[in-house]
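Q: Fold the following.
(one chain, ligands or ions: 1)
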Amino acid sequence: MPRPRVLYFFPRCRLCRYKVEEGDDAVVVSVDNYQTAPFTYRYGSSHVDRKWGRKIQCCSAPVQDIGRHEPAIGCHSRCLAFLTKLEPLLEFRSGMPLWPYTELIDRDSKPSGIDLIDALTKNSLERLYDVRQPAGGSIHPFSVKGFLHSTGIFRSVFARRTQCARSPIHRLYTTSIYWYDPPMSEDERRLRVSTDMLCDLLRTTIGRDCKLPTEIWRMIAAYLSLEYAITSLWTAPYRGESAVVLSEDIWATYVWIDGVAYVSSLSHDPNPDAKQIFEAGSQGENISFYIMEDHLGIRQVHISRTPPAVYSSSDRCVWWRVHPVEDMDAEFVFSSDGIKLQQLKMPSNGRDTKLRHIPANCSWSEPLPPSELAVLSLMRLNARLGVPRFLSFTINEADCTGYTACWIVPKHSKRGAALLRLHAHKPGEDQSFYQETANRGGDLVWTYMPMKSGERVDQVWCRHGNYSFDVTLALKTSMCRILAVGPFKTVDFTDSSSPWTCIAQLSTTGSDRLWLDGPHADGRAVTCIAGPMRSKYPKKPLPVHTMAASPFFKLASFHSSASLEDVKEIVVSRLEASSRKWISGMLFRYENGDETAVGDFRLDAAGKHIRVVKSSGLYLGMTKYSSRTHVSEMDIVSPNTGSLSWETFPWSGRLHWWFTPKTCYVEHSEFPYINGVIEVIDG
Ligand SMILES: [Zn+2]
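A: Reported below is the predicted structural model:
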């Protein structure tokens, strides 16, 4: 395989596992064991390491779609300097690969736990780098290493290392891989917990002779947080892969990392440190492996007929994989990164035939029974992206008043918009989600779909192009309405290149759940969506037809429309940015109690209700500047002309509101409805 030219540096130190921040000094250790000159990390920048002649690209967060490029093993300069002191014989030399580059890539595009433990390569390297240095040695008492040594952490390491011919340094690189970026709260928790642990350690060891206030010990502990993180991984005992059978009891051992327990091994050995997790013969047939994992590895393994109880399915730090057992006599092998287990290697006979349509690498925010997985229909909106992690979205709850889809529209792009999140509205809800939704380099658009009293969503349909920024969603309701939202680039709904696909036939009673991948709070778009097919796939296609042409030629735009008949009240959504104010959307409330929203309508930006009485029509005051148009004001009686360009719409027919984050176009049709996008009556 030809060596890729560009090294991708993700800002997560592979030694201390804390983020590399803008302006930090960093180095790259190559897979052929070459150390680059230090450089300053700046997001988006790239430079060529002169001596080595390779280009290093500084990226933002780890991305699964690294393509042909090589992920760099990047570290804080400070951390590598510290590690070099721990490993006196650590030399950086050329031509001695740490492990083959190809092993860093998910070869079968399947697991998140990459099998890095290549016994041949790894063992020979570990022998090469074995350090048989006795405890004590020449550790300066006032060095960082000496300080940590005084806490007692190192003594056990040196004692252990004389018996163990495996150098921990390479294990650091394999055990520090983050399979995805966890929520920011995880870094904060880590820092808090490890500072607390080191503070206690310092006070109970050095603190016996050196009395200092707790605050000072905390400051010292916080200062040593990177070194402490390296040391705690470096000192963890080596564990290889685990293999178990279900005809014997199974015991698990754990390793604690930053206050979190990870499964370090599974065996049939009931040693005093192990905890029994499975009793042979107690469960009968139809059992499954329920595996709880996070960005670092496996935290729990449950082997049972039913899923384990979960305290909180909203914890975005942990995810579950479900592997039904097909062959009770098979041997089940878990790969290890050297310290903790990473992944269940599926037996050669493969996956349960009922679950073939669900990729084995999917993980879920809670352990789902195989019976629920079996009815799920799954659609990838972007085929190139790797491991989906699904969060549930509850639909058709009794008190739900409507749904909002949030879209992210990339800046300077005509590609459309990606679905960022779905929200189900309830009376009296907290509306902070509008503010809390992260926005990664794009403009957000909120499309609000109020539901009628007693109306339910029966089917969810989706249509997508070649990438996740070309997605449209449609909800077919129990009142035969089709609420379709999303960017429309082509106006022909019969376009066979991106047909509508039904992704959920929901339960007709009670609430049900959709599954959207991606922890949307971090601003990444949904790339995979799954829903239950409670009945057979609908025979009829989604009855949406060709609609009027978008006024924004070749530019993906959102469309919405509302009837202007029997309007009782109007609510406008006003936004403000850079001293500019505009009406982003409007909600029409009708005499019969129904509601319809047009434009980019946010409930947290909604103004007071305007009653439509003695009105001669709907007046919209438009502002035009540099080819962009916004609705700046509205009225229900003829306004003074002023500086705005006013457009008038009669209280009949239908209002159409085309929009992008930058501009909008409002027009009127006399037809009570069109066979178009929003609110189509299924004939
Ligand atoms: Zn570091």
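Q: What are the phi and psi values at the residue in the stretch 101-250 of the chain that the ion sits nearest to?
A: In the stretch 101-250 of the chain, the residue found nearest to the ion is Leu226; the distance is 4.9 Å by C-beta to the ion. Where you see a C-beta, it was placed from the backbone N, CA and C, and this is true even at glycine. Backbone geometry at Leu226, expressed as degrees, to the nearest 10, gives phi -70, psi -50.
Q: For Met292, identify the helix or strand it belongs to.
A: strand 288-293 (DSSP states H and E).
Q: For that strand, what does the pLDDT average out to?
A: Here strand 288-293 scores 94 as its mean pLDDT.
Q: Which secondary structure elements does that strand sit against?
A: strand 298-304, strand 319-324 (3 or more C-beta pairs under 8 Å, 6 or more residues apart in numbering; DSSP states H and E).
Q: hey, which of these is tucked in deepest?
A: Highest mean neighbour count among the helices and strands packed on strand 288-293 (mean count of other C-beta atoms under 10 Å): strand 319-324, with a mean of 22.
Q: C-alpha coordinates for that strand, PDB please?
A: The C-alpha coordinates for strand 319-324 follow below in PDB (Å, rounded to 0.1, in the frame of the first residue of the first chain):
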ATOM      1  CA  TRP A 319     -23.200   3.300  24.100                       C
ATOM      2  CA  TRP A 320     -24.500  -0.200  23.800                       C
ATOM      3  CA  ARG A 321     -23.900  -2.900  21.200                       C
ATOM      4  CA  VAL A 322     -26.000  -6.000  21.000                       C
ATOM      5  CA  HIS A 323     -24.800  -9.300  19.600                       C
ATOM      6  CA  PRO A 324     -27.400 -12.100  19.800                       C
END
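Q: got the angle for it vs strand 298-304?
A: Strand 319-324 and strand 298-304 are oriented at 30 degrees to each other (axes from the mean of the first three to the mean of the last three C-alpha atoms, to 10 degrees).
Q: Can you give the distance from strand 319-324 to the centre of its chain?
A: Distance of strand 319-324 from its chain centroid, counting by C-alpha atoms, centre = their mean, to the nearest Å, is 17 Å.
Q: ok, now stretch 422-440?
A: 17 Å.
Q: Could you list the domains of this structure?
A: For the chain, automatic domain parsing gives the domain ranges 6-110, 242-367, 375-683.
Q: hang on, the earlier thing: how about the residue of the stretch 101-250 of the chain closest to the ion, what does it touch?
A: Residues counted as contacts of Leu226 (C-beta atoms under 8 Å, 6 or more residues apart in numbering) are Cys13, Leu15, Cys16, Tyr18, His76, Arg78, Cys79, Phe82.
Q: if I read this right, the first one contacts Gly74, doesn't it?
A: So that's Cys13. Yes. Between Cys13 and Gly74 there is a contact under C-beta atoms under 8 Å: 6.8 Å.
Q: what do those two both touch?
A: Val20, Ala26.
Q: picking that back up, which residue in the contacts of Leu226 has the weakest pLDDT?
A: Phe82 (86).
Q: Nearest residue to that one in space, please, no chain neighbours.
A: Closest residue to Phe82 in three dimensions, ignoring its sequence neighbours and counting by C-beta to C-beta, 6 or more residues apart in numbering: Glu227, at 5.3 Å.
Q: could you dump the helices and strands packed on strand 288-293 to CSV with mean pLDDT?
A: CSV is the format used below for those (pLDDT from 0 to 100):
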stretch, mean pLDDT
strand 298-304, 95
strand 319-324, 90
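Q: Please name the strands paired to the strand holding Met292 in the sheet, noting orientation.
A: In the sheet, strand 288-293 lines up against strand 298-304 (antiparallel), strand 319-324 (antiparallel) (DSSP bridges).
Q: rewinding a little: state the helix or strand in which the residue nearest to Phe82 lies.
A: helix 225-234.
Q: Good, we can wrap up now.
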